[in-house]
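# here is a sequence with its predicted model. Questions after.
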Amino acid sequence: MQISPILAALRYHKAGVVLIAMQIALTLAIVCNAMFIIHQRLVRMDKPSGVEESGLLVVKNEWAGKPATGQIASLMAADLDTLRKMPGVANVYATNTYPLSNGGFANGIGHSPDKRNYVSVTAVYFSDENTLSTLGLKLVEGRNFNADEINGLGDNDKIAPAVIIVTRELARRLYPDGSALGKTAYISNEPSIIIGIVDRLQIPWVDNSMARWADCSTLLPFRNLVTITHYLIRTQPEEIEDVATRVRATLYATQRLRVIRPKDGVKTFAQVRAAAYKSDRGMAILMGVISVILVATTAAGIVGLASFWVGQRRKQIGVRRALGATRQDILGYFLTENLLICMAGVVLGGLLAIGLNLWLMKQFEMERIAPGYVLAGVAMLLLLGQCAVFAPAWRASHVPPVEATRSV
Amino acid sequence: MLKMTHLSKVYRTEVVETYALRDFNIDVKEGEFVAVTGPSGSGKTTFLTIAGLLETFTGGEYHLDGVEVSHLDDNARSRIRNEKIGFIFQAFNLIPDLNVFDNVEVPLRYRGMKAPERKQRIMDALERVGLASRAKHYPAELSGGQQQRVAIARALAGSPRLLLADEPTGNLDTQMARGVLELLEEIHREGATIVMVTHDPELAARAQRNVHIIDGQVVDLAEDPRFHTAYAAAAGQVRG
């Protein structure tokens, strides 16, 4: 392999070499991190909520005229009764929030009332005896709430549940050495007995900053007697569109003093998921587009520079052919030359990729990039370089030896 | 060593056929120093490029060192160029990005020679042309005569059977040209076969044999009354 003469010759084309190597380095640094971000976003978007999402409908209801807590209780009971009787509806319950809603509240939960010593943060879902079946949650230990355990909770009422249901992840954190079932946990100043454990229930927020406790949820046996209520409706999946079309009119028929916004008052859970991950999807697409543009620009740069060099060195190629170089020798020369430039670029790019990742970690709480991304990026750019230079190198290999005798 | 029989080279376009060589016959024996002369456009360079396997011919036969070359593929032609032929070009054709050592090394690398042997041959060749001390210099740092000497060293390093020179002194002043010519004569005395294309009568006169090309054919000037006067005058000048 004629590496040393190629390196010697490259010293005479420093500007082009440095520019292409820098372009490769920047492309590698950006594309590696972009791919890592895309992967993270896809993983996050693919995270199971624990909810059986198909066939689930969400209705956001806002009572007009500031009704009293007692009135809301009876209005809500009437609504639940009405909804349950709708054709295509399997079950329904009322709640303060639901997974992926990006709203609600969280609380510390631990082994004592002292909030400074909480074990984990947990999302708080107000629930009733229909919650598990409506959401399709999988109860792995214990039991569901009984109807007589469900209490109304007004704006000024204290949250002090006697019993709670927690997710498996929260149970593990609270009692890592054994089952949490039947044990006590403090989500308020009063002790709550854990009566059930569900396999999984994602919190309402999808932000990366909350990823550490994304599966720590607690179901509290309350009916939220406030102005804004969410009805979660389990339909037969094939009838969800029909129910979604009729539900607003049906509720208005029972009570007109309410607001269910035409635009987003009724949503399928698929729409909820799409809205929750809209920015993640957008970021993944943006990163993908940037990566494609960068890679295409780099490939074009390599093709352009190699083509220019082939044109510039036609006479030299002819001389090499006259001195005995075969077409394969010339092809190999340009491929090797490109490989050397790309290798310089990817070494620098690898360091830049790690540096950029460290900066992103510091500035945007990004995770540490896996070495596999950098290695895959290196392999991809080396391959890209070889593919990009192949056509100009092929043209170079077909420069006839008689070119050596032609005056420039 | 080099024998062309009824050889022709035709350049074709859609509307015209141009004969660069027509019924071309030449036989160069091993160890000969042949000068090929002729006016511009007569076919001298075409002859040299075909002789050096830099391009193919249209018809006839060409035997190089006993091998009929018309049916050889591109790789085989490259191998013969590399192993049997040394080229000396008018414009030197050194690679400007490489130093003198690396320039002389180019054909040896294509031969797949090991590094120690390459180094020995390169230094021997540079010693022979008197430029061993300039091995690390780049072509741009050398005079025209020195560059042509490097080109000769590059041609000699591979120990070719045939040395083809295309106007080797065409870009040099008189003093440098004389030095290069003396070097070629020395190489010839040591047994090399040299075919040199030139339009310089003085240079041609110092060759062992002269071949004149007119309109793509070899002609005998002594027997052609059209050229007798000019040839005699040129020869007289040289001898005088």
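Received the coordinates, thanks. Quick caveat: nothing in here was measured; it's all calculated off a predicted structure.

# in what helix or strand does residue 15 lie?
Since you didn't name a chain, this refers to chain A. helix A:14-45 (DSSP states H and E).

# let's do chain B instead
Using DSSP H and E, no helix or strand contains B:Val15.

# any idea how far it lies from A:Glu337?
For B:Val15, the distance to A:Glu337 (CB to CB, to the nearest Å) stands at 41 Å. For glycine as for every other residue, the C-beta is placed from the backbone atoms N, C-alpha and C.

# comparing these two, which residue is more hemmed in?
The residue with more neighbours, out of B:Val15 and A:Glu337, is A:Glu337; 22 against 5, by other CB atoms under 10 Å in any protein chain shown.

# what's the angle between the longest helix anywhere in chain A and helix A:14-45?
Ordering each helix of chain A by length in residues (DSSP state H) puts helix A:327-364 first. Angle of helix A:327-364 versus helix A:14-45, following axes from the mean of the first three to the mean of the last three CA atoms, to 10 degrees, is 50 degrees.

# how many neighbours does residue 102 have?
Just so you know, I chose chain A. Around A:Asn102 there are 13 residues (other CB under 10 Å).

# try chain B instead
Based on other CB under 10 Å, the number of other residues close to B:Asp102 is 21.

# residue contacts, the closest residue to chain A within chain B?
Nearest to chain A in chain B, going by CB to the nearest CB, is B:Asn82, at a distance of 2.3 Å. Applying CB atoms under 8 Å, 6 or more residues apart in numbering or on different chains to B:Asn82 gives the contacts A:323-325, B:107, B:110-111, B:158.

# now these in a markdown table, with neighbour count and pLDDT?
As requested, those are exported to a markdown table (neighbours: other CB atoms under 10 Å in any protein chain shown; pLDDT from 0 to 100):
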| residue | neighbour count | pLDDT |
| --- | --- | --- |
| A:Leu323 | 28 | 95 |
| A:Gly324 | 25 | 94 |
| A:Ala325 | 26 | 95 |
| B:Pro107 | 27 | 95 |
| B:Tyr110 | 22 | 93 |
| B:Arg111 | 16 | 92 |
| B:Gly158 | 24 | 88 |
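
# name the nearest of those residues relative to A:Glu53.
A:Ala325 (64.6 Å; CB to CB).

# doesn't the closest one fall inside a helix?
No: counting by DSSP: H, G, I helix; E, B strand; the rest coil, A:Ala325 is not part of a helix but coil.

# which non-adjacent residue is nearest it?
B:Tyr110 (5.1 Å; CB to CB, 6 or more residues apart in numbering or on different chains).

# just to revisit the earlier point, against which helices or strands is the helix holding A:Ala15 packed?
helix A:278-312, helix A:327-364, helix A:371-397 (3 or more CB pairs under 8 Å, 6 or more residues apart in numbering or on different chains; DSSP states H and E).

# what residues does chain B have near chain A?
Neighbours of chain A within chain B, by CB under 8 Å from any CB of the partner chain: B:45, B:48-49, B:52-55, B:74-75, B:78-79, B:81-83, B:87, B:89, B:91, B:93, B:95-99, B:102, B:105-107, B:109-111, B:154, B:158, B:166.

# all strands for chain B, in order.
All strands of chain B, identified by DSSP state E, fall at B:2-12, B:17-28, B:33-37, B:59-64, B:67-68, B:85-88, B:162-166, B:193-197, B:209-214, B:217-219.

# try the stretch 101-250 of chain A
If DSSP state E, counting those that start in this stretch is used as the criterion, the strands of the stretch 101-250 of chain A fall at A:106-110, A:118-126, A:139-142, A:151-153, A:163-167, A:184-186, A:191-198, A:217-220, A:222-224, A:228-235.

# how about the third one: buried residues?
Think strand A:139-142. For strand A:139-142, the neighbour count (16 or more other CB atoms under 10 Å in any protein chain shown) marks A:141-142 as buried.

# quick one: distance of that strand to the chain centre.
29 Å (CA atoms, centre = their mean, to the nearest Å).

# tell me which stretches of chain B form helices.
B:44-51, B:74-84, B:100-110, B:115-128, B:144-157, B:174-189, B:201-205, B:225-239.

# as CSV, those with distance to B:Gly59 would be great.
What follows is the helices of chain B, written out as CSV (distance: least, CB to CB, whole Å):
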stretch, distance to B:Gly59
helix B:44-51, 12
helix B:74-84, 18
helix B:100-110, 30
helix B:115-128, 37
helix B:144-157, 29
helix B:174-189, 32
helix B:201-205, 28
helix B:225-239, 26
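
# ranked by average pLDDT, which of these falls at the bottom?
Among the helices of chain B, helix B:225-239 has the lowest mean pLDDT, at a mean of 48.

# list the contacts of A:Gly136.
Contacts of A:Gly136 (CB under 8 Å, 6+ apart): A:51-52, A:56, A:234.

# how close does it sit to A:Thr95?
Taking CB to CB, one finds A:Gly136 at 15 Å from A:Thr95.

# next, the closest residue to chain B within the stretch 251-400 of chain A: phi, psi?
Residue of the stretch 251-400 of chain A nearest chain B, by CB to the nearest CB: A:Gly324 (2.3 Å). With angles defined as degrees, to the nearest 10, A:Gly324 sits at phi 120, psi 0.

# contacts only, for it.
B:78-79, B:81-83, B:107, B:110-111, B:158.

# let's see it at 7 Å
B:78-79, B:81-82, B:107, B:110-111 (CB atoms under 7 Å, 6 or more residues apart in numbering or on different chains).

# picking that back up, for the residue of chain B closest to chain A, which non-adjacent residue is closest in space?
Nearest one to B:Asn82, counting by CB to CB, 6+ apart, is A:Gly324 at 2.3 Å.

# coming back round to it: buried residues in the longest helix of chain A, which are they?
Neighbour counts over helix A:327-364 (16+ other CB under 10 Å) mark A:327, A:329-346, A:348-350, A:352-354, A:356-357, A:360 as buried.

# just the mean pLDDT for that helix, thanks.
Helix A:327-364 comes out at a mean pLDDT of 93.

# on that earlier part again, after the helix holding A:Ala15, which helix or strand is next? Please name it.
By DSSP H and E, the next helix or strand past helix A:14-45 is strand A:56-63.

# that next one pairs with which strands, parallel or anti?
strand A:228-235 (antiparallel), strand A:258-259 (antiparallel), strand A:266-268 (antiparallel) (DSSP bridges).

# just put those strands in CSV and tack on mean pLDDT.
Listed next are the strands paired with strand A:56-63 as CSV, based on pLDDT from 0 to 100:
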stretch, mean pLDDT
strand A:228-235, 96
strand A:258-259, 94
strand A:266-268, 96
